[in-house]
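*Asks:* Here is the input, now give the coordinates:
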Amino acid sequence: MTVWGNGTKTKPHVTSGYGPRTGGAFSFHYGCDFNGYSTVKSIESGKVTFAGLMNDKAGYAVAYDLDEKGPKGEIITVVHMHLRAGSIRVRVGQRIGEGQSLGTMGQTGNATGDCDHIEIRFWAGSKYTTTDPVPWISNRIKNEAAVNVGVRTRKTKAASNARVAPTTASAIDKGASLKKGVVGSFDGYKVGQKVEGNDIWFRGAFHKRFYWSGAFEGGANTAGLKKL
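*Replies:* Below you'll find the predicted structure:
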């Protein structure tokens with residue numbers, strides 16, 4: 001699931017866009033500056049790779065790698081810059097979900113006012129390229145809306161194996177299994193083997209594998225899911 005830096009599906013105001021700009025020496029703006037909110041939130045789930053003072057230009061920043069890879073196998077890193085000093089709420093190595101509070105919007109580094117500077121980086125080895133965050137985030141939100149008709153999400157509180165059937169004896173699909181803290185998408189549920197008093201299994205909307213509901217926040221909450 002994807003949200004904007006304000007934690008919602010509604011695009012915030014953009015104060016400075018992506019691309020070439022002038023301001024003294026000619027330069028290139030590798031992200032977009034957003035404002036109109038105070039708490040900076042993650043746009044997707046992932047793992048924090050940086051949290052602190054990045055450099056004189058970026059100021060205090062948080063970076064996190066997404067669980068998925070880019071179209072050419074690149075590591076996708078999202079960076080939020082110019083956070084207020086002392087406001088960062090996450091640490092390196094921590095798993096975060098989309099919409100999680102990262103810190104408070106500020107103007108540390110090379111910023112003329114409070115803003116949430118977001119960069120989308122695609123790493124290939126030690127080098128990376130960037131893309132305009134506005135269409136990238138917008139397209140992901142639109143695509144999810146189209147796919148997610150009749151789909152609901154649940155966040156894991158523990159790692160969850162993806163099973164080919166709703167029993168612990170069935171084969172595990174490692175490629176579809178979910179790590180702790182990941183938000184999964186599900187299109188239905190089925191009554192299966194009872195585990196720790198709970199016999200509800202969610203079916204993945206994309207891989208069509210089964211996940212024991214006890215591994216998710218809310219447990220056997222079937223609201224919005226179709227019974228299979």
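
*Asks:* Please enumerate the helices of this protein.
*Replies:* 133-147 (DSSP state H).

*Asks:* what stretches of it score poorly on pLDDT?
*Replies:* Judged by pLDDT under 70, the chain has its weakly predicted residues at 22-26, 145-149.

*Asks:* list the contacts for the residue nearest the centre of it?
*Replies:* Central residue of the chain (C-alpha atoms, centre = their mean): Glu44, 1.2 Å from the mean position. The contact partners of Glu44, by C-beta atoms under 8 Å, 6 or more residues apart in numbering, come to 1-3, 66, 78, 98. Just so you know, the C-beta spots here come from the backbone N, C-alpha and C atoms, and that holds for glycine as well.

*Asks:* Now it: closest residue in space, sequence neighbours ignored.
*Replies:* The shortest distance from Glu44 to any non-neighbouring residue, by C-beta to C-beta, 6 or more residues apart in numbering, is to Glu98 (4.8 Å).

*Asks:* That neighbour: neighbour count?
*Replies:* 18 (other C-beta atoms under 10 Å).

*Asks:* What of Glu119?
*Replies:* 21.

*Asks:* mind checking how far the spatially closest residue to it that is not a sequence neighbour is from Ile120?
*Replies:* Leaving aside its sequence neighbours, Glu119 sits nearest to Gly31 (C-beta to C-beta, 6+ apart; 3.6 Å). Gly31 sits 8 Å away from Ile120, going by C-beta to C-beta, to the nearest Å.

*Asks:* Mutual contacts of these two, please.
*Replies:* With C-beta under 8 Å, 6+ apart, Gly31 and Ile120 have common neighbours 130, 133.

*Asks:* leaving aside the residues next to it on the chain, what's closest to Lys174?
*Replies:* Excluding the flanking residues, the one nearest Lys174 by C-beta to C-beta, 6+ apart is Ala162, at 7.7 Å.

*Asks:* and what of Ser45?
*Replies:* Gly97 (4.7 Å).

*Asks:* contacting residues for that neighbour?
*Replies:* The contact partners of Gly97, by C-beta under 8 Å, 6+ apart, come to 42, 45, 155, 181-183.

*Asks:* Show me the residues you listed that map onto strands.
*Replies:* 155, 183 (DSSP state E).

*Asks:* just the contacts of Gly97 now: which is nearest Glu217?
*Replies:* When the contacts of Gly97 are compared for distance to Glu217 (C-beta to C-beta), Lys155 comes out closest, at 4.9 Å.

*Asks:* domain parsing for this protein?
*Replies:* For the chain, automatic domain parsing gives the domain ranges 13-147, 152-227.

*Asks:* a markdown table for those domains, including distance to Gly7?
*Replies:* Compiled in a markdown table, the domains of the chain are given as follows (distance: least, C-beta to C-beta, whole Å):
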| stretch | distance to Gly7 |
| --- | --- |
| domain 13-147 | 4 |
| domain 152-227 | 14 |
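
*Asks:* which residues does Gly184 contact?
*Replies:* The contact partners of Gly184, taken as C-beta under 8 Å, 6+ apart, are 153-156, 160, 178, 202, 204, 211, 216.

*Asks:* quick one: which two of these are the most distant?
*Replies:* The largest separation in the contacts of Gly184, counting by C-beta to C-beta, is between Lys155 and Gly204 at 14.1 Å.
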